[in-house]
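Q: sequence and predicted model, in that order:
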Amino acid sequence: MSNSATPLSAAALPALAFIGGGNMASAILGGLIQQGLPPALIEVVEPFEEARARLAQEFGVTAQPAASQALARCALVVWAVKPQTFAEAAAPVRALAGQSLHLSVAAGIPSESIARWLGTEAVVRAMPNTPALVGKGMTGLFARNQVDAAGRALVEQVLAPTGHLLWVDQEAALDAVTAMSGSGPAYVFYFIEAMTEAGIEMGLPPTQAHQLAVRTFTGASALAEAASEPPSVLRARVTSKGGTTYAAISSLEAADVKAQFKSAIRAAEQRARELAVEFGKA
Ligand SMILES: NC(=O)C1=CN([C@@H]2O[C@H](COP(=O)(O)OP(=O)(O)OC[C@H]3O[C@@H](n4cnc5c(N)ncnc54)[C@H](O)[C@@H]3O)[C@@H](O)[C@H]2O)C=CC1
Ligand SMILES: O=C(O)[C@@H]1CCC=N1
């Protein structure tokens, strides 16, 4: 079987399908539409009427409650359902799946399971993150051996508007990607919340506290990205001996926050492995 991907074009309508029309699907298709892909080239399968209405209103995309025969003509099918519902969602699509390349964003679900459920080896896994909504995403990618260069290029074309892309060689590395950049925005928001709350407790107006916290994270991230030195050196430059930062970092170290944070990330990695066992075996 050849899985050589057809480029997205109006020659095959629809060219691109999404199974599941929630947060991640919206982030990806929103970026594509913003970059000029006509909504008519996109079909979404989404069982919930409310979600279908939102997709039509926000993006002008027609969503169907179930997959139609047209799905068989799509160059790429993006799987954006929860790991828990993947097998169930795949069953009615299997008969239509053979000619398309399939891209899953589901956490944990192994490509081997997806290939088995869909009856095709043309499977790529991606682990995006929600900053994709503003074109600042970080996505890890893994392709099964049988996916050729044209298939990889098609995936890159579809995900390019979401931000940065990174191919990994081993599928197991996607669990680490999931635990870092996939779940990572939640960790950052958690620290932004804590910083904002502290600011309010110190007497700042909430809007000012929010602005100071968010801009500190964006500024420090931009500096870390631009600098040639590692973050430890950048941190040392902020930390005057006996000064305010020293007091704060000493308090973090006394509470073992770095070790706790690392163990939280390992818990996410472990959960990705568990999802594979719980929901990938069907
Ligand atoms: N939210 C995030 O930050 C990230 C999520 N992911 C992955 O993306 C996937 C989707 O997550 P979200 O978009 O956040 O979830 P979501 O709940 O917003 O979207 C899932 C959509 O699938 C629909 N759905 C349920 N059963 C279906 C079926 N049988 N056929 C078609 N559609 C069906 C739901 O109605 C819902 O709209 C998950 O597997 C998750 O692991 C990956 C990276 C980041
Ligand atoms: O929490 C989750 O399972 C998904 C995968 C990465 C981000 N959200």
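A: The structure has been received and is ready for your questions. Ligands and ions are numbered 1, 2, ... in the order given.

Q: could you give the mean pLDDT of stretch 61-80?
A: The average pLDDT within stretch 61-80 is 94.

Q: just the C-alphas of that stretch, formatted as CSV.
A: The C-alpha trace of stretch 61-80 is given here as CSV (Å, rounded to 0.1, in the frame of the first residue of the first chain):
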residue,chain,number,x,y,z
VAL,A,61,-16.6,25.1,9.2
THR,A,62,-19.4,22.5,8.6
ALA,A,63,-19.3,19.8,11.2
GLN,A,64,-21.2,16.5,10.9
PRO,A,65,-22.5,14.3,13.7
ALA,A,66,-20.9,11.2,12.0
ALA,A,67,-18.3,10.5,9.3
SER,A,68,-19.6,10.6,5.7
GLN,A,69,-18.3,8.7,2.7
ALA,A,70,-16.4,11.9,1.8
LEU,A,71,-14.0,11.3,4.6
ALA,A,72,-12.4,8.5,2.4
ARG,A,73,-11.2,11.2,0.0
CYS,A,74,-9.4,13.3,2.6
ALA,A,75,-5.6,13.6,2.3
LEU,A,76,-5.3,13.9,6.1
VAL,A,77,-7.6,12.9,9.0
VAL,A,78,-6.7,14.6,12.3
TRP,A,79,-7.8,12.6,15.4
ALA,A,80,-8.6,15.1,18.2
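
Q: what residues sit buried inside it?
A: 61, 63-64, 67, 71-80 (16 or more other C-beta atoms under 10 Å). No exception for glycine: its C-beta is placed from N, CA and C like everyone else's.

Q: quick check: residues of this structure near ligand 1?
A: The chain has residues 19-25, 45-48, 51, 80-83, 85, 88-89, 105-107, 127-130, 182 near ligand 1, with proximity defined as C-beta under 6 Å from any ligand atom.

Q: okay, and which of those residues map to strands?
A: Using DSSP state E, the members of the residues of the chain next to ligand 1 that fall in strands are 19, 45, 127.

Q: list the buried residues in stretch 208-227.
A: 209, 210, 213.

Q: make that stretch 92-106, sorry
A: 93, 96, 97, 99, 100, 101, 102, 103, 104, 105, 106.

Q: which residues does the closest residue to the first one other than its chain neighbours contact?
A: Counting by C-beta to C-beta, 6 or more residues apart in numbering, the nearest residue to residue 93 once its immediate chain neighbours are dropped is residue 67, at 5.1 Å. Residue 67 makes contact with 17, 19, 45, 92, 93, 96 under the criterion C-beta atoms under 8 Å, 6 or more residues apart in numbering.

Q: cutoff 10 Å now
A: 17, 19, 43, 45, 74, 77, 89, 92-97 (C-beta atoms under 10 Å, 6 or more residues apart in numbering).

Q: closest to ligand 1 among those?
A: Of all these, residue 89 has the smallest distance to ligand 1: 3.5 Å, by C-beta to the nearest ligand atom.

Q: roughly how far apart are that closest one and residue 118?
A: Residue 89 sits 11 Å away from residue 118, going by C-beta to C-beta, to the nearest Å.

Q: these two: which has the busier surroundings?
A: Just comparing residue 89 and residue 118: by other C-beta atoms under 10 Å the higher neighbour count belongs to residue 118, 23 against 19.

Q: contacts only, for the residue in the stretch 151-282 of the chain that ligand 2 sits nearest to.
A: When scored by C-beta to the nearest ligand atom, the stretch 151-282 of the chain has residue 182 as its residue closest to ligand 2, at 3.5 Å. Taking C-beta under 10 Å, 6+ apart, we find residue 182 in contact with 105, 107, 126-130, 138-140, 174-176, 268, 272.

Q: of those - the most surrounded one?
A: Busiest of the contacts of residue 182 [other C-beta under 10 Å] is residue 127, holding 29 neighbours.

Q: that older thread, please flag which of the contacts of residue 67 sit within strands.
A: Filtering those for strands - DSSP E - leaves 17, 19, 43, 45, 77.

Q: need the residues of the chain near ligand 2, please.
A: 107, 178, 182, 183.

Q: greatest separation within these: which pair is it?
A: 107 and 183 (8.4 Å; C-beta to C-beta).
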